[in-house]
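Trainee: Need the 3D shape of this:
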Amino acid sequence: MNNVVMAGVTLRASSKLTARSQTTIPASVRDAMNLKPGEEIEYAVLADGQVLMTRKQTDAEDDPVMEGFLSFLANDIQHNPSQIHALDTAFWDDVEALTEGVDVDLDAPLADEK
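Mentor: Numbers count the residues shown, from 1 in each chain. Predicted coordinates for the structure are as follows:
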């Protein structure tokens, strides 16, 4: 890790490979990279075998469905600005009621995919 150390490492972490060659990104790394579930990550393997991991950058231009959806929204906002309303507190009360008691352990092992 000599090159990476010289680049200014601020955090180190490790994880093990499972029997299926999978691993969990340590919580400290996920937090430092501000990674959220569902986001894609990219790997770059350097000539000396070191690997750089980054969050995959996506643009609306790269996703024709997203580009179409965002164009639809922009057009609708432009032509129907009176339809834009703030969400009321009742909505947020409903969201809290629906998620009350839901406990998610982000560090729990993932079930095997079938």
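Trainee: ok, T54 touching I41?
Mentor: Yes. Using Cβ atoms under 8 Å, T54 is in contact with I41, at 6.8 Å. C-betas here are computed from N, CA, C, even on glycine.
Trainee: And stretch 92-106, how far out from the chain middle?
Mentor: Using Cα atoms, centre = their mean, to the nearest Å, the mean C-alpha position of stretch 92-106 is found 20 Å from that of the whole chain.
Trainee: ugh, typo on my part, it should be stretch 103-110
Mentor: With Cα atoms, centre = their mean as the basis, stretch 103-110 stands 15 Å off its chain's centre.
Trainee: so what's the backbone phi/psi at Y43?
Mentor: Backbone torsions for Y43, taken as degrees, to the nearest 10, come to phi -120, psi 140.
Trainee: what's the distance between it and T23?
Mentor: 12 Å (Cβ to Cβ, to the nearest Å).
Trainee: Over to N75?
Mentor: Taking Cβ to Cβ as the measure, N75 falls 43 Å from T23.
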